[in-house]
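Chemist: Show me how the following folds:
(one chain, ligands or ions: 1)
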Amino acid sequence: MKVIVVGSSHGGFETVRGILAEKPDTEIQWYEKGDFVSFLSCGMQLYLEGVVKDVNSVRYATAKGMRAKGVNVFVHQEVTSIDPKAHTVVVHNLDDDSTREEKYDKLVLSAGAVPASIPVPGNDLANIYAMRGRDWAIKLKAKTVDPDVQNVTVIGAGYIGIEAAEVFSKAGKHVTLIDILPRPLALYLDQEFTDVLSKTLTDHNIYLATGQTVKEFNGENGKVQSVKTDQAEYPSDLVVETAGIKPNTSWLKDTLDLNNKGLVKVNDHLETSQPDIYAVGDSTKVPFAPTGKKLQIALATNARRQGRIAAKNLLGHDMKMPAVSGSSALSVFDYHFASTGIKEGTSEANGVKSQSVFVTDTTQPPFVPDEAGNEEVYFKLTFDPENHRILGAQIMSKRDVTANMNAISLAIQGSMTLDDLAYADFFFQPGFDRPWNVINVAAQKALQDLS
Ligand code: FAD
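Modeler: Below is the predicted model of the structure:
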């Protein structure tokens, strides 16, 4: 059997890995249109802040290493079209501008997404950057040490924008963070958390221009000099646009069923509308556990799960993509937060009636001194007030307690209720936590509130 895999990031890598794990003698052709295999944007902040020194190490695999495992790796070669009837693809070799046809038995697409550009006047000026992929990582790194760059404007206060703002703040730049929503990280955290984080961002020389819409970029000699919103104009030597992504699928519109946002429609087995063609990663939707509906959740975790499941299915297994909850975590200077599922702020958009309970606690019993790492912890649990089903949660502390979110993710996936969590068994040791885990505390309080 010959399998063609398109895209060398999370979804493509995991598909290849999954096939190799089970049937290493499968003929695999792996295509990447960029000139680098398997760059991980997830590791970009660590590189930009100098924690990871070599940009080329921010990857899962090398072409050489994968070739040694028998994979035919093609770099700087773009798959430009598919003939589903003939089971062929057209490959454009970007090095010598030649094209050729390749046959497949099974085809897996992990074409991913590209950063969206804000459609306003001046968006073609120089020094308007994105934050995704190795090329942008190298360009951004140069700007962190460029003395001509003093004012950096980041557009989009989601988790990538927060990473960009933190990088440039730590590099000593004055940062303005613009978002159309009234709070940073508004899709990940409710206000109890973002109030604390907003203060932290401001304390680190990041000006929050939230609740503002970008109207235009102004510049001279072809270079950006300011960003104008509906409320103010911000001097900008560099702009980093992190306001959303666009699926890399325009080349597929006449071949596969896409939705109105260009996402490839897949069933639970990750099959597209054409036989023997699977799609995974950021250009698809995933089943969302709290509602059972499909949702676009662009995360490496989802892409990797999908890649593994596509590999299983094309090898003849019958495996469905499990529902996920969009669990993610991030550090914002001294704070670490994680969230999963539905928040109070996203409940209406998901068509769900929810109620939440917010608790603050300390990570350890009161007798443990602060110097021993006893920190305040903020936790919010969101549930269905009718049947008590757990829908989501958020946690934040200066101590890393983010792993609690994985327990909530499992609770959502397993349709557990407040009643299950109120007395669930979690360990206690004063060096780590309290006799009642903050999840127990919140579920017990929620049940009391409801009674
Ligand atoms: P992509 O990563 O978009 O890659 C698609 C690849 O396919 C590209 O290399 C592209 O060049 C190639 N390609 C596209 N079309 C073709 C074609 N026709 N022929 C050949 N090659 C093609 N997620 C997390 O879970 N945790 C994190 O901490 C996290 N941090 C992130 C930080 C940043 C700064 C960014 C930008 C994203 C982060 N993500 C994180 C999200 C994660 O990176 C994406 O969800 C993931 O990369 C999606 O993988 P993918 O395989 O769908 O596609």
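Chemist: rest of the way, CA atoms for contacts and neighbours
Modeler: Noted.
Chemist: which helices and strands does the helix ranked longest in the chain pack with?
Modeler: Counting residues, the longest helix found in the chain (DSSP state H) is helix 300-314. Where contact means 3 or more CA pairs under 8 Å, 6 or more residues apart in numbering; DSSP states H and E, helix 300-314 is packed against helix 10-22.
Chemist: near the ligand, anything from the next helix-or-strand element following the helix it packs on?
Modeler: The helix or strand immediately downstream of helix 10-22 is strand 27-32, counting by DSSP states H and E. Yes: residues of strand 27-32 are located near the ligand by CA under 6 Å from any ligand atom, namely 31-32.
Chemist: One more: stretch 237-247?
Modeler: No: contact of stretch 237-247 with the ligand (CA under 6 Å from any ligand atom) is absent, the minimum separation being 8.0 Å.
Chemist: chain center to the host helix or strand of residue 217: distance?
Modeler: Using DSSP H and E, residue 217 maps to strand 214-220. From the chain centre to the centre of strand 214-220 is a distance of 28 Å (CA atoms, centre = their mean, to the nearest Å).
Chemist: So for that strand, mean pLDDT?
Modeler: On average, the pLDDT along strand 214-220 is 97.
Chemist: before we move on, back to that, next, the angle from the longest helix of the chain to helix 10-22.
Modeler: Interaxial angle of helix 300-314 relative to helix 10-22 (axes from the mean of the first three to the mean of the last three CA atoms, to 10 degrees): 40 degrees.
Chemist: Run a quick check on residue 337 versus residue 395, I expect a contact.
Modeler: Yes: the pair residue 337 and residue 395 qualifies as a contact (CA atoms under 8 Å) at a distance of 5.5 Å.
Chemist: Spell out which residues are contacts of both of those two.
Modeler: Residues touching both residue 337 and residue 395 (CA atoms under 8 Å, 6 or more residues apart in numbering) are 401-402.
Chemist: So which residues on the stretch 251-400 of the chain come close to the ligand?
Modeler: Contacts of the stretch 251-400 of the chain with the ligand, taken as CA under 6 Å from any ligand atom, map to 281-282, 298-301, 303.
Chemist: how about the helices in the stretch 51-200 of the chain?
Modeler: With DSSP state H, counting those that start in this stretch as the criterion, the stretch 51-200 of the chain has helices at 63-68, 134-144, 159-170, 191-203.
Chemist: so how many other residues sit close to residue 98?
Modeler: 10 (other CA atoms under 10 Å).
Chemist: close enough to count as contact, it and residue 77?
Modeler: No: using CA under 8 Å, residue 98 is not in contact with residue 77; the gap is 9.7 Å.
Chemist: Now the common contact residues for these two.
Modeler: With CA under 8 Å, 6+ apart, residue 98 and residue 77 have common neighbours residue 92.
Chemist: Which residue ranges of the stretch 101-250 of the chain form strands?
Modeler: 106-109, 113-115, 128-130, 151-155, 174-179, 206-210, 214-220, 223-229, 233-235, 238-241, 245-247 (DSSP state E, counting those that start in this stretch).
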